[in-house]
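Engineer: Return atomic coordinates for the entry below.
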Amino acid sequence: MADFVREVMRPGAVAVRPDASLVEAAQLMRTQDIGDVLVADGQRVVGVLTDRDITVRAVADGADPLTVSAQSVCTPDPVVVGPDDPVSAAVALMRAHAVRRLPVVEDGLPVGVISLGDLAEAEDPGSALADISRAEPDGRGTA
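Structural biologist: Residues are numbered from 1 along each chain as shown. The predicted structure follows:
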C-alpha cells in the first residue's frame, strides 16, 4: 500500500499553453494516450483540460475546436496536491471536490498527475477499476 502521492502519481506533467487550440490538446492526448493535459502559463498550472471537457464544453455546443482555446474550456484553478502529501490527502481532495485527477505540484511546478485509476491500482489492485486502468489501449482510439 502506497503512503505518499509520489509513489502513485503519473510522473511528468503533460501540458499545453492557455492559447493552444482544442485540436492541439486533443492531438497531444492521443499521442500520449492520456485523457487530460494541464493548462500551464509558463510553469504555473492554470487549469486541467480533459477529453470530456473538450466534448461537453465545446464540441457539444458547436464550437470550432480549431479556434477555441484550452483555457476557455478547462477547469480553472485546479485543486493540487504535493508529491510528499499522503495518498489519503489526495483521496480526500478528490472526494471533497468531486474530481478524478489532481495535478501534482512541487515548489510551484507541475511534476505529475494522480488519477482515480492510479489510486485504484495502488490501493485496490484487484478491483475492476484497477484492471481497466492497467489495460493496454486497443489502438482504436476509443474509450
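
Engineer: And the spatially most central residue of the chain, how far from A15?
Structural biologist: What sits nearest the mean C-alpha location of the chain, by Cα atoms, centre = their mean, is D36, with 4.0 Å. As for D36, its distance to A15 is 10 Å (criterion: Cβ to Cβ, to the nearest Å). Glycine gets a C-beta too; all of them are placed from N, C-alpha and C.

Engineer: do the same with D107
Structural biologist: Separation of D107 from A15 (Cβ to Cβ) stands at 16 Å.

Engineer: still on that earlier bit, and the residue nearest to the centre of the chain, its phi and psi?
Structural biologist: Per-residue torsions, D36: phi -160, psi 160 (degrees, to the nearest 10).

Engineer: nearest spatial neighbour of it, skipping sequence neighbours?
Structural biologist: T50 (4.5 Å; Cβ to Cβ, 6 or more residues apart in numbering).

Engineer: just P11 next, same as before
Structural biologist: Nearest non-adjacent residue to P11, counting by Cβ to Cβ, 6+ apart: G112, 4.5 Å away.
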